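A.B. asks: Have a look at this prediction, sequence included:
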Amino acid sequence: MCRRQKKLMINNEMDLSDAVIVKSGRLKSVVWNDFDRVRKGETYIAICRHCKKRLSGSSASGTSHLRNHLIRCRRRTNGNNNGVAQYFVKGKKKELANERIKDEEVLSVVNVRYEHEKEEHEDVNVVSMGLDQRRCRFDLARMIILHGYPLSMVEDVGFRMFIGNLQPLFELVAFERVESDCMEIYAKEKHKIFEALDKLPGKISISVDVWSGSGDSDEFLCLAAHYIDEGWELKKRVLNFFMVDPSHSGEMLAEVIMTCLMEWDIDRKLFSMASSHAPPFSENVASKIRDRLSQNKFLYCYGQLFDVSCGVNVINEMVQDSLEACCDTINIIRESIRYVKSSESIQDRFNQWIVETGAVSERNLCIDDPMRWDSTCTMLENALEQKSAFSLMNEHDPDSVLCPSDLEWERLGTIVEFLKVFVEVINAFTKSSCLPANMYFPEVCDIHLRLIEWSKNPDDFISSLVVNMRKKFDDFWDKNYLVLAIATILDPRFKMKLVEYYYPLFYGTSASELIEDISECIKLLYDEHSVGSLLASSNQALDWQNHHHRSNGVAHGKEPDDRLTEFDRYINETTTTPGQDSKSDLEKYLEEPLFPRNSDFDILNWWKVHTPKYPILSMMARNVLAVPMLNVSSEEDAFETCQRRRVSETWRSLRPSTVQALMCAQDWIQSELESS
């Protein structure tokens, strides 16, 4: 081997773990399609993508030695020089700059040999196949979106080497190309969602949630649509995920949200809007949007059903009141458990005290996660079962942490009772990412009754705590009781009966008046749906009439009866054919017996089956049952003490437009996979 050839060789044992891939923007030779150029310190190295041999990659070395290697590379050509014919023209050595293999071109992949095999072993034959570069690129982008991977992973040395070994023919792209592919996927998926929303037979409810970005001042608003589709399936789709300035006024935020709704062309199709009213999204924003939509008469019941609050948020607010009221006692218990678990000998002594006091329990002491209040509830519940052992430890172990007093233990037991109820309710709320609105009324009513009961506690400490909790709950109840009641009335297992059962327990003799208000509201809502249905039917009839006249060669606009179009609608609305039942869908529905109550009942399927029987009421049920009463996507989110979710670290530093594309596309792709 000559001296120059030795200079062009690189030690294959060199550690390249910290090497950096050099972007190939200026590498014009076509040979770089088969080499990765990396830099370690001041040394540039060219790594063959086929056999992984290392050669000099410096610009001073040129590319002749790389072409020569490709001619001999058995992994690439298996000894057949036809594989490198692209580097020569008519027998002359000439680099074909800027030449790229087209995506559609069929490439021949032959005889791959693996490093652990000896050269004389028979090669592994791979059938000739076509590699669709574009499809591979978009599969990669879709994977990044779906799993929340960083876009920069395509430039990681380890990832590029892995892909090079897995499929040498795939041309890995840079960050900018992947970002562009992700944006293209977002645009295509957005068009699908737009068409789906446009074809919906019913109304749409939206939810607004606040997310945190990379810094304390960076905030995003997540706007999602909730609706029941033609197949009576409840769907949720993220529409927008945009950065907002916390200093923006409520009027500005309302304008931004209205702009988003109009871009999606759903401002005329809204039924309700659910929000947590967390800053920067205040109640003022919701009222401004409601007022604007009410001016155009887009909302039902004069907008009374439009502004909805998140049920999980009010529960978490009451939980925080409870935990803050006894935070000192909780800290004592937390430190006591840490002390017990600090050594094996202390744990053994504590186990002996458990036996002596008869506080044996299947529950083990555990330290809570302060970021998840359900774990704090579990920690306190376990400690309460062994409180006598803690008292004995405090008496006999001078190094132990102070033990709560009997009164503190008693108060803690009451608060744990509160927390356990809230845990059960949230578990019921979050058993599915999309729950129909009829599921919430029984759980909310149970909390209402519990608060009334807890407020009678003789301990002033507990009763004053419950007063604060009831204030938060009453604010939630006053805003949502109509939607909650109407949704449960549309449940054939309950109808008016559940409202008639609970309201006397809440309001005593005043209940009948409130129940009458609910009855009037649901009648008004039904009448508004009925008018909409009749107008739609009338329009369909007029469309047919127009078509009939045109098909007979008569210009309908010249008919003398054309001025009586409104009269035709009047007749449709007021005339009852002989034998036709004059009772409305709502009256028929409420008069029929209750459907048997069982846990497997599917209300959406029930209304799907009964749509022919109750055509107008089913339309109303479609709109009401889609109202979202919580803005969390999972049980884990619901129990977090910090209610504001955060954009993943891998995406926070990206441009806001890219963040929106990734967050929306991720939701759409995940939903598509779940439904397939």
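C.D. replies: That came through, no problem. Please read these numbers as outputs of a predicted model, since none were measured by experiment. Numbering: from 1, shown residues only.
A.B. asks: Following the record's annotation, map out the domains of this protein.
C.D. replies: 3-173, 182-310+631-675, 311-431, 439-542+586-629 (automatic domain parsing).
A.B. asks: Including mean neighbour count, could the ones you listed go into TSV?
C.D. replies: All C-beta spots, glycine's among them, are computed from the backbone N, C-alpha and C. As requested, the domains of the chain are exported to TSV (neighbours: other Cβ atoms under 10 Å):
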stretch	mean neighbour count
domain 3-173	15
domain 182-310+631-675	18
domain 311-431	17
domain 439-542+586-629	17
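A.B. asks: Rebuild those domains as a markdown table, extending it with mean pLDDT.
C.D. replies: Converted to a markdown table, the domains of the chain look like this (pLDDT from 0 to 100):
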| stretch | mean pLDDT |
| --- | --- |
| domain 3-173 | 68 |
| domain 182-310+631-675 | 87 |
| domain 311-431 | 90 |
| domain 439-542+586-629 | 92 |
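A.B. asks: Those into JSON lines, with extra columns for distance to residue 567?
C.D. replies: Listed next are the domains of the chain as JSON lines, based on distance: least, Cβ to Cβ, whole Å:
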{"stretch": "domain 3-173", "distance to residue 567": "56"}
{"stretch": "domain 182-310+631-675", "distance to residue 567": "23"}
{"stretch": "domain 311-431", "distance to residue 567": "48"}
{"stretch": "domain 439-542+586-629", "distance to residue 567": "11"}
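A.B. asks: Tell me which of the ones you listed sits nearest to residue 564.
C.D. replies: domain 439-542+586-629 (11.6 Å; Cβ to Cβ).
A.B. asks: how long is the closest one from one end to the other?
C.D. replies: 10 Å (Cα to Cα, to the nearest Å).
A.B. asks: Now do the phi/psi pair for residue 234.
C.D. replies: phi -80, psi 130 (degrees, to the nearest 10).
A.B. asks: Need the pLDDT of the closest residue to it other than its chain neighbours.
C.D. replies: Distances taken as Cβ to Cβ, 6 or more residues apart in numbering place residue 434 nearest to residue 234, at 4.5 Å, with adjacent residues excluded. Here, the pLDDT recorded for residue 434 equals 81.
A.B. asks: distance of residue 434 from residue 467?
C.D. replies: 35 Å (Cβ to Cβ, to the nearest Å).
A.B. asks: Residue 190 touches residue 664, doesn't it?
C.D. replies: Yes. The criterion here is Cβ atoms under 8 Å, and residue 190 meets it with residue 664 at 7.1 Å.
A.B. asks: would residue 227 count as being in a strand?
C.D. replies: Yes. Residue 227: assigned to a strand according to DSSP: H, G, I helix; E, B strand; the rest coil.
A.B. asks: show me what contacts it?
C.D. replies: Contacts for residue 227 (Cβ atoms under 8 Å, 6 or more residues apart in numbering) come out as 197, 200, 202, 203, 204, 205, 234, 235, 626.
A.B. asks: same thing but at 6 Å, please
C.D. replies: 200, 204, 235, 626 (Cβ atoms under 6 Å, 6 or more residues apart in numbering).
A.B. asks: need those residues in TSV with secondary structure, can you?
C.D. replies: Output for the contacts of residue 227, formatted as TSV (three-state DSSP):
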residue	secondary structure
200	coil
204	strand
235	strand
626	coil
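A.B. asks: What ranges does this structure have for its strands?
C.D. replies: Counting by DSSP state E, the chain has strands at residues 20-21, 35-40, 43-48, 54-56, 88-89, 92-93, 106-107, 129-130, 204-212, 219-228, 234-244, 270-275, 307-309, 645-646.
A.B. asks: quick one, which of these is nearest to residue 338?
C.D. replies: Closest approach to residue 338 among the strands of the chain (Cβ to Cβ): strand 645-646, 28.2 Å.
A.B. asks: Quickly run through the sheet partners of that closest one, with directions.
C.D. replies: Using DSSP bridges, the strands paired with strand 645-646 are strand 204-212 (parallel).
A.B. asks: mind saving the C-alpha coords of the strand it pairs with as PDB?
C.D. replies: Provided in PDB are the C-alpha atoms of strand 204-212 (Å, rounded to 0.1, in the frame of the first residue of the first chain):
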ATOM      1  CA  ILE A 204     -70.300  21.500  18.300                       C
ATOM      2  CA  SER A 205     -69.100  22.200  21.800                       C
ATOM      3  CA  ILE A 206     -65.600  23.500  22.400                       C
ATOM      4  CA  SER A 207     -63.200  23.400  25.400                       C
ATOM      5  CA  VAL A 208     -60.400  25.800  26.200                       C
ATOM      6  CA  ASP A 209     -57.500  24.700  28.300                       C
ATOM      7  CA  VAL A 210     -54.400  26.600  29.300                       C
ATOM      8  CA  TRP A 211     -50.900  25.000  28.900                       C
ATOM      9  CA  SER A 212     -47.500  26.200  29.900                       C
END
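A.B. asks: still on that earlier bit, okay, and the common contacts of residue 190 and residue 664?
C.D. replies: Shared contacts of residue 190 and residue 664, counting by Cβ under 6 Å, 6+ apart, come down to nothing at all.
A.B. asks: hmm, back to that, and the residue nearest to residue 234, its phi and psi?
C.D. replies: phi -130, psi 110.
A.B. asks: before we move on, back to that, for my notes, please list the strands of the chain in JSON lines and give distance to residue 175 for each entry.
C.D. replies: Putting the strands of the chain into JSON lines (distance: least, Cβ to Cβ, whole Å) gives the following:
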{"stretch": "strand 20-21", "distance to residue 175": "12"}
{"stretch": "strand 35-40", "distance to residue 175": "16"}
{"stretch": "strand 43-48", "distance to residue 175": "20"}
{"stretch": "strand 54-56", "distance to residue 175": "25"}
{"stretch": "strand 88-89", "distance to residue 175": "34"}
{"stretch": "strand 92-93", "distance to residue 175": "34"}
{"stretch": "strand 106-107", "distance to residue 175": "26"}
{"stretch": "strand 129-130", "distance to residue 175": "27"}
{"stretch": "strand 204-212", "distance to residue 175": "24"}
{"stretch": "strand 219-228", "distance to residue 175": "22"}
{"stretch": "strand 234-244", "distance to residue 175": "21"}
{"stretch": "strand 270-275", "distance to residue 175": "36"}
{"stretch": "strand 307-309", "distance to residue 175": "41"}
{"stretch": "strand 645-646", "distance to residue 175": "23"}
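A.B. asks: how close does residue 361 get to residue 327?
C.D. replies: 25 Å.
A.B. asks: err, residue 288, not the other one
C.D. replies: Distance from residue 288 to residue 327, by Cβ to Cβ: 38 Å.
A.B. asks: So what would you say the end-to-end distance of stretch 331-349 is?
C.D. replies: 22 Å.
A.B. asks: Could you shift the numbering so residue one becomes 374, and keep it that way?
C.D. replies: Got it, the first residue is 374 from now on, which makes the last one we talked about stretch 704-722.
A.B. asks: Would you mind pulling the contact partners of that stretch?
C.D. replies: Residues contacting stretch 704-722 (Cβ under 6 Å, 6+ apart): 723, 738, 740, 756, 763, 773, 774, 775, 777.
A.B. asks: what do you get for stretch 532-546?
C.D. replies: 422, 423, 480, 504, 506, 509, 526, 527.
A.B. asks: can you tell me which of those lies nearest to residue 627?
C.D. replies: The closest of these, once distances to residue 627 are taken by Cβ to Cβ, is residue 526, at 38.8 Å.
A.B. asks: sorry, back to before: out of the strands of the chain, which gets nearest to residue 888?
C.D. replies: Of all those, strand 680-682 comes closest under Cβ to Cβ, at 21.0 Å.
A.B. asks: Show me what that closest one is packed against.
C.D. replies: Using 3 or more Cβ pairs under 6 Å, 6 or more residues apart in numbering; DSSP states H and E, the elements in contact with strand 680-682 are helix 833-862.
A.B. asks: what angle separates the helix it packs on from strand 577-585?
C.D. replies: Going by axes from the mean of the first three to the mean of the last three Cα atoms, to 10 degrees, helix 833-862 is angled at 150 degrees with respect to strand 577-585.
A.B. asks: Kind regards, and thank you for your time.
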